[in-house]
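Asks: let's see this in three dimensions:
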Amino acid sequence: MKIKIRGELLDYLIQLAKDFYPNEFGGFLREKNGIFEEVLIIPKGYFGKESIYFDTWLLPHDENIKGTVHSHPGPSPRPSQVDKKFFSKFGGVHLIIAYPFEAWNIKAYNSDGLEVKIEIID
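Replies: Residues are numbered from 1 along each chain as shown. From the prediction side, this is the model:
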């Protein structure tokens with residue numbers, strides 16, 4: 001399995017991770033024509049040093065929301081057990097951007113927590 005993401009969006013997500021540091025940030029990814037194009041940041045989210053929380057009831061009804069993204073303030077882009085539990089409930093694709101928040105330290109996972117390849121589209 002491979003996901004496609006717009007390069008401009010990936011750059012923006014990296015910048016968000018840097019801006020929120022030392023806290024985590026998180027959002028939902030919107031896909032158009034098989035390519036992730038936009039991120040939605042849910043209002044009233046909690047972005048802490050070790051976890052994030054957002055109320056998914058505040059998510060708009062949008063069938064194009066196909067994934068999530070969040071940052072790890074530490075150097076590991078591997079999902080925690082809490083991440084894997086969330087992945088299994090939300091489904092789709094999940095990006096983790098780890099410190100120092102560069103493209104080489106981003107990983108994507110499916111709803112089972114298995115890594116999938118990322119293709120950057122210009």
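
Asks: adjacent strands (with direction) for the helix or strand containing His94?
Replies: Secondary-structure assignment from DSSP states H and E places His94 in strand 93-98. Its sheet considered, strand 93-98 pairs with strand 65-72 (parallel), strand 106-109 (antiparallel) by DSSP bridges.

Asks: now the residue nearest to the spatial centre of the chain: closest residue in space, sequence neighbours ignored.
Replies: Geometric centre of the chain, nearest residue: Val69, 0.8 Å, by C-alpha atoms, centre = their mean. Once flanking residues are discounted, Val69 sits nearest to Leu95: 4.2 Å by C-beta to C-beta, 6 or more residues apart in numbering. All C-beta spots, glycine's among them, are computed from the backbone N, C-alpha and C.

Asks: and for Lys2?
Replies: Lys2 sits nearest to Lys117 (C-beta to C-beta, 6+ apart), 4.3 Å away.

Asks: okay, and the one you found sits in which element?
Replies: strand 115-121.

Asks: adjacent strands (with direction) for that strand?
Replies: strand 2-6 (parallel), strand 106-109 (antiparallel).

Asks: I'd like to know which of these is closest to Phe36.
Replies: strand 2-6 (4.2 Å; C-beta to C-beta).

Asks: please export the C-alpha coordinates of that closest one as CSV.
Replies: Output of strand 2-6 as CSV, limited to C-alpha atoms (Å, rounded to 0.1, in the frame of the first residue of the first chain):
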residue,chain,number,x,y,z
LYS,A,2,1.1,3.5,-0.8
ILE,A,3,-0.4,6.9,0.0
LYS,A,4,0.0,10.1,-2.1
ILE,A,5,0.3,13.5,-0.5
ARG,A,6,0.8,16.9,-1.9
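
Asks: thanks again, I'm all set now.
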